[in-house]
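1. next input, structure requested:
(2 chains)
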Amino acid sequence: MSGRILTGYCLLVYAFLLAPIFVVVAASFNAGNFLTFPPQGLSLRWYVVFFENEVFMRAIRTSLWVAAVTMVISTAIGTAVAIFQVRYAGRAKEAVRVAMLAPLLLPEVLTAIALLFFFYAIGLGTRTMAGMIIGHVVITLPFVFMNVSAAMESFDPAYELAARSLGADRWTRFTRIMLPLIKPGVIGGALFAFIISFDTFTISFLLKGIGTSTLPIQLFDYLRTNFTPEAAAVSSVSIAMTVLAVLFIEKGLGLKVHRF
Amino acid sequence: MTQVSISHLTKSFGAAPVVDDLSLTIDHGEFVSLLGPSGCGKTTTLRMIAGFEIANSGTIAFDGVDVSPVPAEKRDIGMVFQNYALFPHMTVGQNLAFGLEMRKVAPAEIAQRTARVLDMVQLGGFAERYPAQLSGGQQQRVALARALVIEPRILLLDEPLANLDAKLREEMRGFIRDLQKRVGITTVYVTHDQAEALSMSDRVVVMFGGRIAQQGAPDAIYDRPASRQVAGFVGQVNILEGMVSGSDGGRAVVRLPQGEITVPAASVPAAGSKAAIAMRPEAVALGAAGEPGWAGTVVSRQYGGNLVDYKVELAGGSTVHVQCLSATPVAPGTAVTVRPDQSRLWLLGA
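-> Numbering: from 1, shown residues only, chains lettered A, B, ... in the order given. Reported below is the predicted structural model:
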């Protein structure tokens, strides 16, 4: 009996989470001229419009590129700090953790404004994409850090001692013992970094380079003046990109390294 | 084979020294156990030999060469950890090959040596398995094989049997001992289990508070403990407090509430000084009431299969444990006599 209630409850949660996605995707196949649900007839016309829209295409390329760069930088920094925090920080462990999670506590818009002032103060400004990428790294770092430090906590230091006793130097111990064993955490963190960077709006809006635009910003811009199903098509493609990125990173880099 | 000489080794974490001015020489091919309660410094000593901890002062030398400046990865040691620390993402074969790869051994030779050592630990054919697919005892043997396949100078074992069940633990004692003799490797074994230390070692080093309390062959440690602390830690012991009342040749006459008793003593303390006699529970016999010996009453009986442990309250007030073969049970409350084996008593200072 309680099993059935639980199943029903889970289905409701899934419905709640997935219904908006379903509505967006369904609306994107709308044959009519306006963003409505249920769709008025089925058609791929808005996808064609979208793929022929050079502005959107440029924005999606920018978003993918920024997300990829952010992922690499954030994963490298976050992983290094997580290893330091768990293994070497000693008494500073809690302080390091709080510092790393601070961007989560601050409203994103405040982080963005603070960075904006800072970038102009140091002369970096917003002429390049550097500022936006730094901003994305700041907001994605906590996610990489949390994932990797959790993996590090369950990484038994005895493995490293064993490798040492067998003659492995520091680099070999890192690449052949530690990294493979904390890999699920690193990949999980990298995924978060990519997806959050790809989807974020606020920080991109304030820090984007002059003349550049990411997909969420472009979409927002578009929706201010238009209300066609093209917006749904953009969203659907964005969702598909995210799912593809997840699949690619999971399968491509091999999340399942342990055969327990 | 390698000789290890440790001299005046000291290590402290914070204020109190964990290892305190410890000196010890381990001979070529010798099996030495460091035995003591937790916190006695035995594991820290082992980790310093391995190079995982750096001593505050003192030296460790392998064959006369000071290894203090040599990092762990260059010391050429084989180590077995309490939880085995087998690399979970590598197969048994890859675990064994790891140390050989670090030594740049050719792949063909790696395969050959790995197979040979796996046979030695009776795990031939297990090379493709992952550690998680093995039982505790098998993992333990893989850990041994991984430490031995690199043909290290010294084998270090840190409570390697602590995670096994009782029966397997006893089997593994003999297995490790035989393997060590066959390979002939200098071995340091850390344990808090006196039965392990006594049954496996050439020499047992009993440690308390970072210092060596006593060292010697297992039977010497058991039969002639140097102090109450050692006697109490290595096996069970009955201690009866009394007073020296005189001497009889090389033996001391000690007066106990139960009567006088003569005890062999290297040097007899002055008459009137406090002393105690010690005896193992199995060196005491139980007799029917009225037989010669000390009168007492059985308080409790603990059945242990082949042996029974009786707790007997003596007429003078103290209690002794008597351990005997479980032939005819004696019920608690029964009046009995207790007769110590005079040749197996020893004298303890006050």
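2. got the domain ranges for chain A?
-> A:1-43, A:54-252 (automatic domain parsing).
3. most tightly packed of the ones you listed?
-> Stretch with highest mean neighbour count among those: domain A:54-252 (a mean of 18; mean count of other Cβ atoms under 10 Å in any protein chain shown). C-betas here are computed from N, CA, C, even on glycine.
4. that domain vs chain B: in contact?
-> Yes: using Cβ under 8 Å from any Cβ of the partner chain, domain A:54-252 comes into contact with chain B via A:156, A:158-159, A:161-169, A:172, A:176-177, A:180-181.
5. ok, back up a step: weakest of the domains of chain A in terms of mean pLDDT?
-> The weakest mean pLDDT among the domains of chain A belongs to domain A:1-43, with a mean of 85.
6. how far away from the center of its chain is that one?
-> Centroid separation for domain A:1-43 versus its chain: 24 Å, with Cα atoms, centre = their mean, to the nearest Å.
7. thinking again about what came up before, in JSON lines: the domains of chain A, plus distance to B:V330.
-> Below are the domains of chain A laid out as JSON lines (distance: least, Cβ to Cβ, whole Å):
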{"stretch": "domain A:1-43", "distance to B:V330": "57"}
{"stretch": "domain A:54-252", "distance to B:V330": "49"}
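8. all strands of the stretch 1-150 of chain B, in order?
-> Per DSSP state E, counting those that start in this stretch, the stretch 1-150 of chain B carries strands over the ranges B:4-12, B:17-26, B:31-35, B:57-62, B:65-66, B:77-80.
9. what's the answer for the stretch 151-300 of chain B, then?
-> B:154-158, B:186-191, B:203-208, B:211-216, B:238-248, B:251-256, B:259-264, B:274-279, B:284-288, B:294-304.
10. quick one: buried residues of the top helix by length along chain B?
-> Identified as the longest helix of chain B according to DSSP state H is helix B:166-183. Within helix B:166-183, the residues that qualify as buried are B:168-169, B:172-173, B:175-177, B:179-180, B:183, counting by 16 or more other Cβ atoms under 10 Å in any protein chain shown.
11. let me see the contact set for the residue nearest to A:L101 when sequence neighbours are not counted.
-> Distances taken as Cβ to Cβ, 6 or more residues apart in numbering or on different chains place A:P142 nearest to A:L101, at 4.9 Å, with adjacent residues excluded. Contacts for A:P142 were tallied using Cβ atoms under 8 Å, 6 or more residues apart in numbering or on different chains; they are A:100-104.
12. distance-wise, check A:S2 relative to chain B.
-> Between A:S2 and chain B the computed distance is 33 Å (Cβ to the nearest Cβ, to the nearest Å).
13. oh sorry, the question was meant for A:A233
-> Taken as Cβ to the nearest Cβ, the span from A:A233 to chain B is 43 Å.
14. residue of the stretch 1-150 of chain A closest to chain B, please.
-> In the stretch 1-150 of chain A, the residue that lies nearest chain B is A:G90 (12.7 Å; Cβ to the nearest Cβ).
15. and residue 210, its phi and psi?
-> Defaulting to chain A. phi -60, psi 130 (degrees, to the nearest 10).
16. which ones are touching it?
-> Contacts of A:I210 by Cβ under 8 Å, 6+ apart are A:126-127.
17. what of the one 5 residues further on?
-> Under the criterion of Cβ under 8 Å, 6+ apart, the contact list for A:L215 reads A:56, A:59-60, A:62-63, A:198, A:234, A:238.
18. secondary structure added to those residues, as a markdown table?
-> Below are those laid out as a markdown table (DSSP: H, G, I helix; E, B strand; the rest coil):
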| residue | secondary structure |
| --- | --- |
| A:F56 | helix |
| A:A59 | helix |
| A:I60 | helix |
| A:T62 | helix |
| A:S63 | helix |
| A:F198 | helix |
| A:V234 | helix |
| A:S238 | helix |
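19. what's the closest of these to A:I77?
-> A:F198 (18.6 Å; Cβ to Cβ).
20. need the residues of chain B near chain A, please.
-> B:50-52, B:71-79, B:81, B:83, B:85-89, B:98-99, B:102-103, B:130, B:132, B:146-147, B:150, B:156.
21. give me the buried subset of these.
-> For the residues of chain B next to chain A, buried by 16+ other Cβ under 10 Å: B:50-52, B:72-73, B:75-79, B:81, B:83, B:85-89, B:98-99, B:102, B:130, B:146-147, B:150, B:156.
22. what ranges do the helices span in the stretch 1-150 of chain A?
-> A:2-28, A:45-52, A:54-83, A:93-105, A:108-121, A:130-153 (DSSP state H, counting those that start in this stretch).
23. run through who's touching the fourth one.
-> Looking back up the chat, that one is helix A:93-105. With contacts defined as Cβ under 8 Å, 6+ apart, helix A:93-105 is touched by A:78, A:81, A:84-86, A:89, A:111, A:138-139, A:141-142, A:145-146, A:149.
24. if we use 7 Å, what do you get?
-> Residues from elsewhere that reach helix A:93-105, judged by Cβ atoms under 7 Å, 6 or more residues apart in numbering or on different chains: A:81, A:85, A:89, A:111, A:138-139, A:141-142, A:145.
25. between it and helix A:54-83, how big is the angle?
-> 160 degrees (axes from the mean of the first three to the mean of the last three Cα atoms, to 10 degrees).
26. any idea how far helix A:93-105 is from the chain center?
-> 19 Å.
27. angle of that helix against helix A:108-121?
-> Going by the same axes, to 10 degrees, helix A:93-105 makes 100 degrees with helix A:108-121.
28. residue ranges with poor pLDDT in the stretch 251-350 of chain B?
-> B:326, B:349-350 (pLDDT under 70).
29. ok and the residue in it nearest chain A?
-> Of all residues in the stretch 251-350 of chain B, the one sitting closest to chain A is B:G304 (35.2 Å; Cβ to the nearest Cβ).
30. just checking, B:N83 touches B:A162?
-> No: at 8.8 Å, B:N83 does not count as touching B:A162 under the criterion of Cβ atoms under 7 Å.
31. now the strands of the stretch 1-150 of chain B as TSV including mean pLDDT?
-> Shown next, in TSV, are those (pLDDT from 0 to 100):
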stretch	mean pLDDT
strand B:4-12	93
strand B:17-26	92
strand B:31-35	95
strand B:57-62	93
strand B:65-66	92
strand B:77-80	94
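32. which among these is found nearest to B:M207?
-> strand B:31-35 (5.9 Å).
33. elements contacting the closest one?
-> helix B:42-50, strand B:186-191, helix B:194-200, strand B:203-208 (3 or more Cβ pairs under 7 Å, 6 or more residues apart in numbering or on different chains; DSSP states H and E).
34. let's have these in a markdown table, adding mean pLDDT.
-> Output for these, formatted as a markdown table (pLDDT from 0 to 100):
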| stretch | mean pLDDT |
| --- | --- |
| helix B:42-50 | 94 |
| strand B:186-191 | 95 |
| helix B:194-200 | 92 |
| strand B:203-208 | 94 |
